Each structure stands twice: as C-alpha cells, then as structure tokens.
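Undergrad: sequence and predicted model, in that order:
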Amino acid sequence: MLRLLLSLRFGMLFAAFGAILGAALMFYLGGAKIARAVVLILTEGASATEVTVAVLSATDAFLFGVVLIVFAYAISLGLVLGPSALIDQLPRWMRIEGIGELKHTLVEVIIVYLIVDFATDLASRDEPLSWTTLVMPLSIVLIAGALRLVGRGSGSPEGAPGSPTHD
C-alpha cells in the first residue's frame, strides 16, 4: 500500500512538465516583447517610454520563465525523484530542500514581479501620480516584511538573521 502511495508522487512530473511548457511560452512572449522594442527603436517617432515599457514587460516574462524552470527542477528532482548525483551537480540556488523553501521562493518571486510591474506602470503613465499610486509599493513592503518575519522561524534560510549559522 505504501509503495502504491509513493508511486503516485510521479504524477507531480506532469506539473513539472507543465511548468517547462509555461516557461517556453514566457520566453517566447519575452522575445516577442523585445522584438517589439527593437521595432519601436528602429521606427521614427518611438518614445523612450514605449521602449522602456516594452523592455520591462519582456523582463517580467523572462523572469517568470526562469522561475518556472527552477520550480520544474525543484518539483521533479527534489520532490519526485529524491536525492541523486544529478542534484549535486545543480548550482546551489537551484536546489530546493522541501516544500517550505519552494513556497518561500515563490513569495520572493512575487515580490520581484510586483516591483518590476510597478516600475512598468510608472513608466507607462502619462497622467500625474496620485496618492493611490502608493498602494502597490506599500503592498510590496508589507509582503516583504511578512516574508522576513516568517523566515525567522525554524525554517530560516542558512546564514539569515535568526538562523543557527548566522554570526
């Protein structure tokens, strides 16, 4: 019975494959946005704002694609296949020790995504800024603060304040 239940973990490989397909789509989307930025530069009358927004949007797409690849590796190698010599060959930043670390990484990526999205919104605005513009940066600060507080628990990243290896 236990062997049957453990074999069901291979179903998560479907999620890893989906993440790889999603990453390919994001890389395609990012490439298309970079191509649009190049076309904007080559055509007369393109404003710096349009080019900046296109490049920031492409950066968002590429960043999300990289994250999807890291998650696919983490799911397939860390959670499904278990420890192996292949995992030891991966760079340290691609090794995921468990679900908690995967969730922590996801929240970090959300923070970075929100920062780039906010910068894209600022670059694309033609109207004057109002006080409501502060909602997104305030949200980013609150999410980052919550992540920092949660990270101080027993699952603190190595070397972080509050972890046993921090000097």
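TA: Nice, I can see it.
Undergrad: quick one, what contacts the residue nearest to the spatial centre of the chain?
TA: Nearest to the mean C-alpha position of the chain, by C-alpha atoms, centre = their mean, lies residue 109 at 3.5 Å. Residues in contact with residue 109, defined by C-beta atoms under 8 Å, 6 or more residues apart in numbering, are 63, 64, 67. Glycine gets a C-beta too; all of them are placed from N, C-alpha and C.
Undergrad: CSV for the residues you listed, including neighbour count and distance to residue 105?
TA: Listed next are the contacts of residue 109 as CSV, based on neighbours: other C-beta atoms under 10 Å; distance: C-beta to C-beta, whole Å:
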residue, neighbour count, distance to residue 105
63, 16, 13
64, 21, 13
67, 21, 8
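Undergrad: in helices, which of those residues appear?
TA: Among those, the members falling in helices (DSSP state H) are 63, 64, 67.
Undergrad: mind listing what's buried along the helix ranked longest in the chain?
TA: Counting by DSSP H, the longest helix found in the chain is helix 12-42. Neighbour-count burial for helix 12-42 flags 16, 19-20, 22-23, 26-27, 29-30, 33-34, 36-37, 40 (criterion: 16 or more other C-beta atoms under 10 Å).
Undergrad: hang on, isn't residue 13 packed against residue 76?
TA: Yes - with contact defined as C-beta atoms under 8 Å, residue 13 and residue 76 form a contacting pair (5.8 Å).
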